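Engineer: 3D model of this:
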Amino acid sequence: MPASNLPKLSDHDFRRLQQMMQEASGIVMAEQKRTLMAGRLMCRLRSLELTSYGDYLRLLEDPQQQEERRKVIDLLTTNETYFFREPQHFQVLGDWLAQQRGPLKLWSAASSSGEEAYSMAMTACERAKGDWSIFASDLSRRVLDQARQGVYKLEQAQKFPPGWLERHCLRGICDSDGLFRVAQPLRQRVSFAEVNLTRPLRQELGQFDVIFLRNVLIYFAADEKRAIVTRLVERLRPGGLLFIGHAESLHGLNLPLRTVRPSVFERL
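Structural biologist: All right, here's what the predicted structure looks like:
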């Protein structure tokens, strides 16, 4: 499709896509995301040989196009992440783990392509005294598939604590030069699954000792944010820790939590 013939995302079609995303995921696509939305969905128009976003929306309304609607969520979900993001959190987590006994369950609730979950796993491997496991979830199947592979570019290991790359990962050779893979003993302690945080949580998930819910609440309206945090706090054991992003706040939510550090809370 020549650049001069690129379709425009009309106000009407943008509002329809906004509504679809909010209904499917709870995520509010603000007006400033309009260009991003148009750009990311352009690949689907080209693949399906459609000439307008209106045609694409009519396709999405077909009940048989559930998988195509899933692709829209995958394309429009922001998945910015990196290893040991907000490193103070991993220091707090490590110090807390070193004081605990017994098996521990940790949850990376917006795990994206796995960097956060594996950062938690490395911290647990280094500091936890007893057995532990990590459950990692996301709305996007695409990033979950990446996370299960546990393969990343070497440049993504720049924020690793000294020696941790060698202890917990394998460097690629030959065709995999410039890559590393999280080692199998660590990968087998991390399970990945699709979870929509705006929906009721499956009962079999059980209770957790630590929940990371970082840099995701900013994408939701106030009522949805309250519902998500309430839902997750109900799955946090008394004495367990909840981590949110440094740019996020739980002010006014009236939850059974006390502040341990900025953006770190203990369940009462």
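Engineer: What's the local residue count around R142?
Structural biologist: For R142, the tally of surrounding residues (other C-beta atoms under 10 Å) stands at 16. The way it works is simple: take the backbone N, C-alpha and C, and place the C-beta from them, glycine included.
Engineer: Please apply the same query to S176.
Structural biologist: Look at S176: counted by other C-beta under 10 Å, it has 12 neighbours.
Engineer: cool, and D223?
Structural biologist: Other residues near D223 come to 9 when the count uses other C-beta under 10 Å.
Engineer: now L59, nearest residue through space, not along the chain?
Structural biologist: Closest residue in space to L59, ignoring its immediate chain neighbours: Q65 at 5.8 Å, by C-beta to C-beta, 6 or more residues apart in numbering.
Engineer: and Q207, what does it touch?
Structural biologist: Listed by C-beta atoms under 8 Å, 6 or more residues apart in numbering, the contact set of Q207 reads 105, 235-237.
Engineer: what's in contact with the helix or strand bottoming out on mean pLDDT in the chain?
Structural biologist: Comparing every helix and strand of the chain by mean pLDDT, DSSP states H and E singles out helix 66-76 as the least confident one, with a mean of 88. Counting by C-beta under 8 Å, 6+ apart, helix 66-76 makes contact with 17, 20-21, 24-25, 27, 29, 36-37, 40-41, 43-44, 59-60, 139-143, all of which sit outside it.
Engineer: among those residues, which are in helices?
Structural biologist: Cross-referencing the contacts of helix 66-76 against helices under DSSP state H gives 17, 20-21, 24-25, 36-37, 40-41, 43-44, 59-60, 141-143.
Engineer: hang on, the residue nearest to L59 packs against Y56?
Structural biologist: No: taking C-beta atoms under 8 Å as the contact criterion, Q65 and Y56 are not neighbours in contact, 10.1 Å apart.
Engineer: So which of the two has more stuff around it?
Structural biologist: It is Y56, of Q65 and Y56, that has more neighbours when counted by other C-beta under 10 Å, with 22 against 14.
Engineer: which residues touch the closest residue to the more buried one other than its chain neighbours?
Structural biologist: If the residues on either side of it in the chain are set aside, Y56 comes closest to L50, at 5.2 Å by C-beta to C-beta, 6+ apart. Residues in contact with L50 (C-beta under 8 Å, 6+ apart) are 44, 56, 59.
Engineer: tell me the SS of L50?
Structural biologist: When the structure is reduced to helix, strand and coil (DSSP: H, G, I helix; E, B strand; the rest coil), L50 reads as coil.
Engineer: And F192, by the same measure?
Structural biologist: Put simply, F192 is strand when judged by three-state DSSP.
Engineer: check contacts around it.
Structural biologist: With contact set as C-beta under 8 Å, 6+ apart, F192 has these partners: 111, 114, 117, 136-138, 144, 147-148.
Engineer: which of those are buried?
Structural biologist: Those of these that meet the buried threshold are 111, 114, 117, 136-138, 144, 147, by 16 or more other C-beta atoms under 10 Å.
Engineer: ok so, going back, buried ones only from the contacts of Q207, please, as a PyMOL command.
Structural biologist: Only the buried members of these end up in this PyMOL selection, burial being decided by 16+ other C-beta under 10 Å:
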select buried, resi 105+235+236
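Engineer: Which ones among the contacts of Q207 map onto strands?
Structural biologist: Using DSSP state E, the members of those that fall within strands are 105, 236-237.
Engineer: In JSON lines: those residues, plus pLDDT and distance to Y82.
Structural biologist: As requested, the ones in strands among the contacts of Q207 are exported to JSON lines (pLDDT from 0 to 100; distance: C-beta to C-beta, whole Å):
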{"residue": "K105", "pLDDT": "98", "distance to Y82": "24"}
{"residue": "L236", "pLDDT": "98", "distance to Y82": "25"}
{"residue": "R237", "pLDDT": "98", "distance to Y82": "29"}
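Engineer: Please list only the buried members of the contacts of helix 66-76.
Structural biologist: In the contacts of helix 66-76, burial by neighbour count holds for 17, 20-21, 24-25, 27, 29, 37, 41, 44, 59-60, 139-140, 142-143, counting by 16+ other C-beta under 10 Å.
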